[in-house]
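>>> I'll drop the sequence and a predicted model, then ask my questions.
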Amino acid sequence: MQPKNIAIVGSGLAGSLLAIYLRKRNHKVTVFDRRPDIRQVKFSGRSINLAMSVRGWKALDTVGIGEEIRKLAIPMDKRTMHVNDQPIYHQYYGKEGEAIYSISRGVLNRKMISLAEESGAVFRFNEKVWDVNLPEAKIYTGETEKGEWKEYQYDLIFGCDGAFSRVRHKMQRRSRFDYSQDFLDAGYKELGIPANEDGTHKLDKNSLHIWPRGKFMLIALPNLDGSFTCTLFMPHEGENSFESLKTDKEVKEFWQKYFPDTIDLMPTLLKDFNNNPTSALVTMKCYPWSYWDKVVLVGDSAHAIVPFYGQGINAGFEDISVLDQIIEDHNGENWQEIFEEYQEARKPSADAIAELSYRNFMEMSSKTADSNFLLRKKIEKRFSENHPDKWVPLYSRVTFTNRPYAEALAIGDQQAAIMDEVMNIDNIEEKWDSDEVEQKILDLLDIPVSGAMK
């Protein structure tokens, strides 16, 4: 395999993992980032903790760093639901032993950059890429857009610079480049729950905590130091929105009404609310992801999604492991074929997880507190336990397997149609665990549908 001189734009999680992969194949790798070295700065208060699952771990294990990263992670085997005037209750994610893993984005990013440096990648921080010459694989950096630029020549350029990618921006100017961005009406703000004085967690540390309130919700994910990173998701405007909470008094009254059980847990609520920015949530799609044999997009720069399935990081890492396998299959030769095969393999799944992530916002904020939804999940769980060869629930298929997201979406839609019929059975509340209901699902599974229900 002929070593290449490669530039990666963006030192985030995708960029740093890609650097490790490419160094393993003996390529020369330089990573550019307009920001300072995250290892030298205080975190900014706009992160959502990551929920690492099977796809992400596979990518890390393949390159030999999974065990190192597991030291930074806390397993969460369930959602813990906090509904006002009701006892706390749990929704387990999968079978016994299955969990998603909470990791601080900043902590992980610092570790990944260090591991990439140890592998031989060179990082150039505080160096902003202003322009890209796509046909010649040249990038131009400088202090300002109008100032003097420095030119760098590479064999290949990888755009890992996020949802508002400079590399993609240049590709968008080419003919027949499809691009769309869709902002959610809701935004988010990071808040926090500190550790107890002895360093222990104030809430169950092996849960993703959710306070579902319809059009808005609060979530909390555990950190190793005993704290929780909390995120408030809420509309930007209107009733019960960020716009409506302008004063400390309004924030306090809102919290007392909707999240009273968290007030004692969040002593820095007002400080966090005032100091941390309100950030937007965007779904971004584009195609193609590559330009000739010179430039390709990876991770959020190709397919930014909203965070409600916890799959953003897993999808980005899966891009890299899939791309690496394609490089292997081609013996590192004919990069145009490699890039085209990669984008054709990943685009359908990227679109599918974007759709699933959007839908999961509705599930987390509204349906998780709905009795019909909970009954539906109980029926699904019982059936899948009795017939694991016939029914893998959608969440498990996305989170605990490496099957394509597009397949998960298609089969999930078929399962949803079956469950709609099951929920219409008379007195389903009383007979949900009966042989009759089980037989009904078996009968519906036998009706021919497009694609096999496996």
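Yep, it's here. Numbering: from 1, shown residues only.
>>> Apart from its neighbours in sequence, what residue is nearest residue 161?
With Cβ to Cβ, 6 or more residues apart in numbering as the criterion, residue 161 has its nearest non-adjacent residue at 3.6 Å, and that residue is residue 10. Placement of C-beta: from N, CA and C, glycine included.
>>> Now for that neighbour, how many residues are close by?
Neighbour count for residue 10, taken as other Cβ atoms under 10 Å: 27.
>>> Next, give phi and psi for residue 234.
In terms of degrees, to the nearest 10, the main-chain angles of residue 234 are phi -160, psi 150.
>>> mind listing what the nearest residue to it once chain neighbours are set aside touches?
Excluding the flanking residues, the one nearest residue 234 by Cβ to Cβ, 6+ apart is residue 216, at 3.9 Å. By Cβ atoms under 8 Å, 6 or more residues apart in numbering, the contact set of residue 216 is 186, 232, 233, 234, 235, 240, 258, 365.
>>> which among the residues you listed gets closest to residue 90?
Closest to residue 90 out of these is residue 365 (18.0 Å), distances taken as Cβ to Cβ.
>>> dump the residue contacts of that closest one.
Applying Cβ under 8 Å, 6+ apart to residue 365 gives the contacts 212, 213, 214, 215, 216, 217, 233.
>>> Select, from those residues, the two members most distant in space.
Across the contacts of residue 365 (Cβ to Cβ), the longest gap, 11.4 Å, separates 214 and 233.
>>> And those two? Which one has more around it.
Taking other Cβ under 10 Å, residue 214 and residue 233 do not tie; residue 233 has more neighbours (23 against 11).
>>> ok, residues contacting stretch 181-190?
Contact with stretch 181-190 is made by 45-48, 163, 215-216, 229-237, 242, 272-273, 276-285, 304, 306, 358, 361, as judged by Cβ under 8 Å, 6+ apart.
>>> Which of the residues you listed fall within strands?
Among the contacts of stretch 181-190, the members found in strands (DSSP state E) are 229-235, 279-285.
>>> Can you tell me which of these are buried?
Among these, those buried by neighbour count (16 or more other Cβ atoms under 10 Å) are 229, 230, 231, 232, 233, 234, 235, 279, 281, 283, 284, 285.
>>> For the biggest strand by length in the chain, which strands pair with it and how are they oriented?
Longest among the strand segments of the chain by residue count, using DSSP E, is strand 178-193. Strands that pair with strand 178-193, judged by DSSP bridges, come out as strand 228-235 (antiparallel), strand 279-287 (antiparallel).
>>> buried stuff in it?
184, 186, 187, 188, 189, 190, 191, 192, 193.
>>> Distance of the third one relative to residue 108?
Taken as Cβ to Cβ, to the nearest Å, the spacing of residue 187 relative to residue 108 amounts to 23 Å.
>>> separation between residue 86 and residue 212?
Going from residue 86 to residue 212 by Cβ to Cβ gives 11 Å.
>>> Tell me which of these two has more neighbours.
Between residue 86 and residue 212, counting by other Cβ under 10 Å, residue 212 is the more crowded of the two (20 against 9).
>>> my guess is the more buried one contacts residue 366, does it?
Yes. Using Cβ atoms under 8 Å, residue 212 makes contact with residue 366 at a distance of 6.6 Å.
>>> Tell me where the longest helix sits in the protein.
Counting residues, the longest helix found in the chain (DSSP state H) is helix 335-365.
>>> Follow the chain on from that one and name the next helix or strand.
Per DSSP states H and E, the first helix or strand lying C-terminal to helix 335-365 is helix 371-386.
>>> could you check the angle helix 335-365 makes with that next one?
Here the directions of helix 371-386 and helix 335-365 differ by 130 degrees (axes from the mean of the first three to the mean of the last three Cα atoms, to 10 degrees).
>>> packing partners for helix 371-386?
Judged by 3 or more Cβ pairs under 8 Å, 6 or more residues apart in numbering; DSSP states H and E, the packing partners of helix 371-386 are helix 405-423, helix 428-431, helix 435-446.
>>> hmm, 7 Å instead?
helix 405-423, helix 435-446 (3 or more Cβ pairs under 7 Å, 6 or more residues apart in numbering; DSSP states H and E).
>>> Alpha carbons only: can I get the shortest one in CSV?
So that's helix 435-446. In CSV, the C-alpha atoms belonging to helix 435-446 read as follows (Å, rounded to 0.1, in the frame of the first residue of the first chain):
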residue,chain,number,x,y,z
ASP,A,435,-51.2,-16.6,24.1
GLU,A,436,-53.8,-14.8,21.9
VAL,A,437,-51.6,-11.7,21.6
GLU,A,438,-48.5,-13.8,20.9
GLN,A,439,-50.3,-15.7,18.2
LYS,A,440,-51.6,-12.5,16.6
ILE,A,441,-48.1,-11.2,16.2
LEU,A,442,-46.9,-14.6,14.8
ASP,A,443,-49.8,-14.5,12.3
LEU,A,444,-49.0,-10.9,11.3
LEU,A,445,-45.3,-11.8,10.8
ASP,A,446,-46.3,-14.5,8.4
